[in-house]
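1. show me the folded form of this:
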Amino acid sequence: MTPPLCRIAYVDDDADIRQIAELALRDIGGLAVRSWGSGEDFLREWGDWLPQLVLLDLWMPGMDGGQTLAALRRQPGGAELPVVLLSGSVAPPEVPGLVAVLSKPFDPMTLADRLRGIWADLPENGG
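-> Numbers count the residues shown, from 1 in each chain. Model prediction:
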């Protein structure tokens, strides 16, 4: 049986959006969440957290979401990690290796349930 979704890594340069997402995922959704303000910081520390799924902002200064994803895929254990892109773009660019794309602004009341649905739909989870 597939384990339930419990641990989310969230990467977004906007501190206010990170705080809302953390509240939505942790307090409303009952998930464990750890967040980072940059792709560089996430890539240095994600292995200590071992998330089940990554929620990744697309547009960030320095290393953007696509670059962060590409670098994650080259790290041990990072190739199989499901990544969901979070974007305020009307039509986000094609970023290979994503399992889903969610729009900003997101509904804090349903964010955790949306991620659980994506998790359940993954082929390795029987979806």
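2. in this protein, which spans are strands?
-> With DSSP state E, the ranges of strands along the chain come out as 7-11, 32-36, 53-57, 83-87, 100-103.
3. and Glu22, which of those is closest to it?
-> Of all those, strand 32-36 sits nearest to Glu22, with 5.4 Å by C-beta to C-beta. C-beta here means a position set from N, CA and C on the backbone, and glycine is covered the same way.
4. what about that closest one, average pLDDT?
-> The predicted model gives strand 32-36 an average pLDDT of 97.
5. among the strands of the chain, which is the most enclosed?
-> Counting by mean count of other C-beta atoms under 10 Å, strand 53-57 has the highest mean neighbour count of these, with a mean of 25.
6. want to throw the strands of the chain into TSV with distance to Pro123?
-> Shown next, in TSV, are these (distance: least, C-beta to C-beta, whole Å):
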stretch	distance to Pro123
strand 7-11	20
strand 32-36	24
strand 53-57	14
strand 83-87	15
strand 100-103	13
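7. nearest residue to Leu53 in space, please, no chain neighbours.
-> Nearest residue to Leu53, sequence neighbours excluded (C-beta to C-beta, 6 or more residues apart in numbering): Pro82, at 4.9 Å.
8. now do Gly30
-> Ala112 (7.0 Å).
9. next one: Met60
-> Excluding its sequence neighbours, the residue lying closest to Met60 (C-beta to C-beta, 6+ apart) is Asp13, at 4.3 Å.
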